[in-house]
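Peer 1: Kindly generate the corresponding structure for this input.
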Amino acid sequence: MVTYSEAGVDISLEEQTVRALTGELSETLEYRNIIKNKGHFAALVDFGSRAIAMSTDGVGSKILIANLMNKFDTVGIDCIAMVVNDILCVGAEPIAMVDYLAVEQPDPEVASEIGKGLKVGCQQAKIAMIGGETASLPKIIKDFDLAGTGIGTVDKDKIVTGTDIKDGDVIIGIASSGVHSNGLSLARKALLDIANYDVNDKLPTDENITVGEALLEPTIIYVDPIMELLNSDIEVHGLGHITGGGFSNLKRLNHEMTYIIDNLPKPLPVFEAIQATGIENKEMYHVFNMGIGFAVILDKKYQDQALELLNKYHDAYIIGEIKEDKDNRVLITTHNNENIEL
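Peer 2: From the prediction side, this is the model:
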């Protein structure tokens, strides 16, 4: 069995590391008027009747695939996507970002391609890139690393905290475009090391694309559908970005609920190819988005209206429901009818 840990990423240790870091910083929240929202995707700063939402993220090891393909615009798009999708999760409209590019050696051609991707991402998210930093760090950075920090704004009475999630609410899943920017270490190990494919080989489960193209497919930016949803008369109880940690991300929205997911679409071909190398279902759904990049939780009475709206942009489906349960679990019926718990 191939695992994420064997690919070099230990999710449990990462969680312990985050707790160790944030444990030292928690008292700083008292220095300013911060809206405490433990475990959510974006942080919130109180500004009277409104709040500023902030999030930061990086592209991760997708950079290694970009280097193999000599194609760098996608990582720029992904840098925008990972940040703004998190900002959306608290009901905020993304406004602006700054980026941080650390390089082993300066390379104007690569920087230009990254910049083109950042520009496309900003256009899709309708945000401004208002500044950033570039650092040359030989012996510290291999090739380059790219991260960004973004801000958004939201009326305080419209913040989506997840506290309104209730028993019987439905979960709508919005399709992903592929692996996005999480789980790439495991995807690379599976396809390039174990299956021994080259990035230029055809993907075995979809011969219309290569392995490298499948892994580099840009992360979807969900700003347009989610902002239209938030500006409609539909009451949204929870929003979740299915990113690192897979479907276990949903548990962050409300710790008093269990998330039952029993109506997922067939996994995308890239996930079928990855799993065929010997990865168990639980690991797949704990690491990858499996074809669902964003989740919306709302009262069942709004489901038809919400689906009509969301399907104008991306495929969207009812993938499950909420049960009040303080065990705070994610219960999944997989594509091959195995029941797993995250």
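
Peer 1: The residue minimising distance to the centre of the chain - nearest residue in space that isn't next to it in sequence?
Peer 2: In the chain, the C-alpha nearest the mean C-alpha coordinate belongs to residue 243, at 3.0 Å (Cα atoms, centre = their mean). Closest residue to residue 243 apart from its sequence neighbours, by Cβ to Cβ, 6 or more residues apart in numbering: residue 182 at 5.0 Å. From N, CA and C alone the C-beta is placed, and that goes for glycine too.

Peer 1: so who does that neighbour touch?
Peer 2: Applying Cβ atoms under 8 Å, 6 or more residues apart in numbering, we find residue 182 in contact with 60, 243-245, 287-289.

Peer 1: returning to that earlier point: verify the stated contact: the residue nearest to the centre of the chain with residue 180.
Peer 2: Yes - using Cβ atoms under 8 Å, residue 243 is in contact with residue 180, at 6.9 Å.

Peer 1: Common neighbours of the two, please.
Peer 2: What both residue 243 and residue 180 touch, as defined by Cβ under 8 Å, 6+ apart, is the set 82, 289.

Peer 1: so where is the protein shaky, pLDDT-wise?
Peer 2: Residues of the chain meeting the criterion pLDDT under 70: 1-2, 4-11, 38-39.

Peer 1: Could I get the full set of helices for it?
Peer 2: 11-25, 62-69, 73-88, 108-125, 184-188, 211-216, 223-230, 269-275, 281-287, 303-310 (DSSP state H).

Peer 1: Most tightly packed of the ones you listed?
Peer 2: helix 73-88 (a mean of 28; mean count of other Cβ atoms under 10 Å).

Peer 1: packing partners for that helix?
Peer 2: strand 50-58, helix 62-69, strand 93-103, helix 108-125, strand 144-155, helix 223-230, strand 236-241, strand 292-298 (3 or more Cβ pairs under 8 Å, 6 or more residues apart in numbering; DSSP states H and E).

Peer 1: please redo it, this time with the cut-off set to 7 Å
Peer 2: strand 50-58, helix 62-69, strand 93-103, helix 108-125, strand 144-155, helix 223-230, strand 236-241 (3 or more Cβ pairs under 7 Å, 6 or more residues apart in numbering; DSSP states H and E).

Peer 1: wait, which of the ones you listed is closest to residue 277?
Peer 2: When the helices and strands packed on helix 73-88 are compared by Cβ to Cβ, helix 62-69 sits nearest residue 277, at 16.4 Å.

Peer 1: quick one, that closest one and helix 108-125 angle?
Peer 2: Between helix 62-69 and helix 108-125, the angle comes out at 130 degrees (axes from the mean of the first three to the mean of the last three Cα atoms, to 10 degrees).

Peer 1: Now residue 149: closest residue in space, sequence neighbours ignored.
Peer 2: residue 56 is the one closest to residue 149 (Cβ to Cβ, 6+ apart), at 4.1 Å.
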